[in-house]
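Engineer: here's my sequence, what's the structure:
(2 chains)
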There are 2 protein chains.
Amino acid sequence: MTPKIARFLAHHQPATPCLVLDIDRVEQNFRALQYALPLARIYYAVKANPAPQVLERLVGLSSYFDAASIEEVTACLDAGAAPAVISFGNTIKKASSIRKAHQRGVAMFAFDSREELEKLARYAPGARVYCRILVENEGADWPLSRKFGTTIDNARDLMVQAGDLGLDPYGLSFHVGSQQTTTHAYQVAIGKVATLFTDLTEAGIDLRMMNLGGGFPTRYRDDVPEIDQFSHAIMTAMTDHFGNALPEMVVEPGRFIVGDAGLVSAEVVLVSQRDRNDPVRWVYLDIGRFGGLAETEGESIKYRITTPHDGSSMGPVAIAGPTCDGADILYEKSNYRLPLSLTSGDRVELLSTGAYVTTYASTKFNGFAPLAEYYV
Amino acid sequence: MTPKIARFLAHHQPATPCLVLDIDRVEQNFRALQYALPLARIYYAVKANPAPQVLERLVGLSSYFDAASIEEVTACLDAGAAPAVISFGNTIKKASSIRKAHQRGVAMFAFDSREELEKLARYAPGARVYCRILVENEGADWPLSRKFGTTIDNARDLMVQAGDLGLDPYGLSFHVGSQQTTTHAYQVAIGKVATLFTDLTEAGIDLRMMNLGGGFPTRYRDDVPEIDQFSHAIMTAMTDHFGNALPEMVVEPGRFIVGDAGLVSAEVVLVSQRDRNDPVRWVYLDIGRFGGLAETEGESIKYRITTPHDGSSMGPVAIAGPTCDGADILYEKSNYRLPLSLTSGDRVELLSTGAYVTTYASTKFNGFAPLAEYYV
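Structural biologist: Residues are numbered from 1 along each chain as shown, chains lettered A, B, ... in the order given. Coordinates of the predicted model:
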């Protein structure tokens, strides 16, 4: 919890559940990544947190932006970003969205299939395009691999076709999976994609850009490697392959930029003991999987939780949300422990919830309003 | 698709994705359940679809209502329901919500723990309360069992305590899980809970109500038993146990009332072949798990999908949503097949999506607006 967030909570005592996010921390994280990877252009993954306050601060820092939809493109433009710094990074786009983005001056688009390439040629003629390659997501707490990317062989054909269709075959991308906790994943992926990059260059395609995707982790319950370990692994792999003839490098961090900048302030609704012989208490919060904490699905992302009783005796708990949905369980198998004196009405904080929380919140599941947001 | 929905789609061609729901079908389903279980009071599970149009039609049919939150209580009152026909059925309630519901005249509350009972005694003194018993959820496509309910032993103590605390120990409840496809599940649960009911009655507690929960299925991709098979199984089990001294019976259907009354109209955004040797095409729709189809998690609920090319040659597909989230996959392992001629821009319908869809939709994940809704 940053001092600004602590002051805000103490002074305003906002109704729970709510997100409180410190915009200065966003800037610190952006600068830390810039320092660690000075040769890379940072395209902020807007989907991680599209709040105008976040986007405006990043525009002021000359960030680039990775947009997932025409609505996110518009949010970037509204925050003052120039169209030239926006990449439409979703490989799945409606024709109408491509046309609108192109009309507004967006000049770079992702794709991973023949049909998408044809849509781009028709609705964004001449645009810079980059092909997403399928790579392993081992080591990622929130893997992405099955849904996106294409094979090396397919990508080779598609990049040649891109040129034939009048598009600019600008580069290649990959994504090692979100909350990637091993530096090795980047090295393996770079080795695979860089080989294709060189093959295509030798075949006469004027490739200029390697997009390393996002995935840099935030510290949740467990420690993760520092950002300089990732940058070291990345630069080693890149120079191993390209020497000092490095292509433009792009990274698309979301979680790393906003994750630890925010916390969710929540209330304990109920503490219940299912059976007198079962030491596990069930702790129900006023936020759950359908109130924004969607990444606790499969207990993937394990948030740290602080309570007013920290330091006193602890016992095992399962933690669940407030809805009548049986799937609305945050943690049942991850050995969470919370103070024995925790009781309904207590206020708790879920730390590092600045990324991938507010926008996941359901409109009104079980009647509960979406998560309130405060940017300080 | 009902004729009214077909006419609406043909005439208005609403932008996708959207839900279109036929209110007359809601009435038909309500009457069918009333006919099948004439001795039971029907408490509509508001969370399944809380649209004012649905609630108002059901108020007109003298339905009772099962509310999951104070916001749902308010929605029922706003639709014209009397407080006396509303049950606050969530076992996890904030003290402030209990107090507000009690002030507004809601007189029946669920609980399954000592702490909740104490909150009820304090904030809804004298209220009718019923204790939820943990039962097996085998046979349910959307099971609920781990999060709710207490053991028989605990429930016995809690019902005695309820009286001691000045509350009215009114009844017992259970839930066999949502989209329950076996009638046997009700028989087993009734056997278990009815035994406790009789034990408590013999111990001097004036129990009057058995709440059989919801769970009655809607037909999705696979056939399910007819409602009269469920009612037969339920009435057999009830009369086996209670003879003709039946307690008041309560059911809490949601999906059964609204599920097949609505459909989602969606657009194909992309059809992609990952690799030339892989026969499985990936079909991306403009709605996915975070746009409302949350119950496709784990491929639990398998919606039927119709396309403009039905009747032509089919091939295997994986089906996913439009977001950049790797978890936004509807069906990858459920052997879905769609026409080979399906292409981006095609309009498709996901049938029987009237329940548990609109309210799950995220506020703006990846920038996409929540699902539009039309009631015809």
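Engineer: how many residues are close by residue A:44?
Structural biologist: By other C-beta atoms under 10 Å in any protein chain shown, 32 other residues sit near residue A:44. In this view, the C-beta of every residue, glycine as well, is placed from N, C-alpha and C.
Engineer: isn't it up against residue A:254?
Structural biologist: Yes - using C-beta atoms under 8 Å, residue A:44 is in contact with residue A:254, at 6.8 Å.
Engineer: overlap in contacts of these two?
Structural biologist: residue A:66 (C-beta atoms under 8 Å, 6 or more residues apart in numbering or on different chains).
Engineer: from residue A:334, how far off is the closest residue to chain B within the stretch 151-300 of chain A?
Structural biologist: As assessed by C-beta to the nearest C-beta, chain B sits closest to residue A:272 within the stretch 151-300 of chain A, at 3.3 Å. In this view, residue A:272 and residue A:334 are 19 Å apart by C-beta to C-beta, to the nearest Å.
Engineer: so for those two, which sits in the more crowded spot?
Structural biologist: Neighbours were counted for residue A:272 and for residue A:334 using other C-beta under 10 Å; residue A:272 has more, 22 against 13.
Engineer: partners of the more buried one in the sheet?
Structural biologist: Beta-bridge partners recorded for residue A:272 (DSSP bridges): residue A:282.
Engineer: that one and residue B:117 touch, don't they?
Structural biologist: No - the pair residue A:272 / residue B:117 is not scored as a contact, 10.1 Å apart, by C-beta under 8 Å.
Engineer: returning to what we had before: mind listing what the residue of the stretch 151-300 of chain A closest to chain B touches?
Structural biologist: Shown in contact with residue A:272 (C-beta under 8 Å, 6+ apart): A:281-282, A:284, B:112-116.
Engineer: what is the nearest of the residues you listed to residue A:124?
Structural biologist: Minimum distance to residue A:124 across the contacts of residue A:272 is 48.3 Å, recorded for residue A:284 (C-beta to C-beta).
Engineer: that closest one reaches residue A:267, doesn't it?
Structural biologist: No - judged on C-beta under 8 Å, residue A:284 makes no contact with residue A:267 at a distance of 9.9 Å.
Engineer: and the two? which has more neighbours close in?
Structural biologist: residue A:284 (30 against 20).
Engineer: which SSE is the more buried one in?
Structural biologist: In this assignment (DSSP states H and E), residue A:284 forms part of strand A:281-285.
Engineer: check which helices and strands that strand sits against.
Structural biologist: Applying 3 or more C-beta pairs under 8 Å, 6 or more residues apart in numbering or on different chains; DSSP states H and E, one finds that strand A:281-285 makes contact with strand A:262-273, strand A:314-320.
Engineer: partners of the helix or strand following the last one, with directions?
Structural biologist: So that's strand A:314-320. Next helix or strand after strand A:314-320 toward the C-terminus (DSSP H and E): strand A:329-331. With DSSP bridges as the test, strand A:329-331 is paired with strand A:314-320 (antiparallel).
Engineer: for my notes, confirm residue A:231 occurs in a helix.
Structural biologist: Yes - Residue A:231: assigned to a helix according to DSSP: H, G, I helix; E, B strand; the rest coil.
Engineer: hmm, it is touching residue A:34, no?
Structural biologist: No - applying C-beta under 8 Å, one finds residue A:231 not in contact with residue A:34, separated by 10.4 Å.
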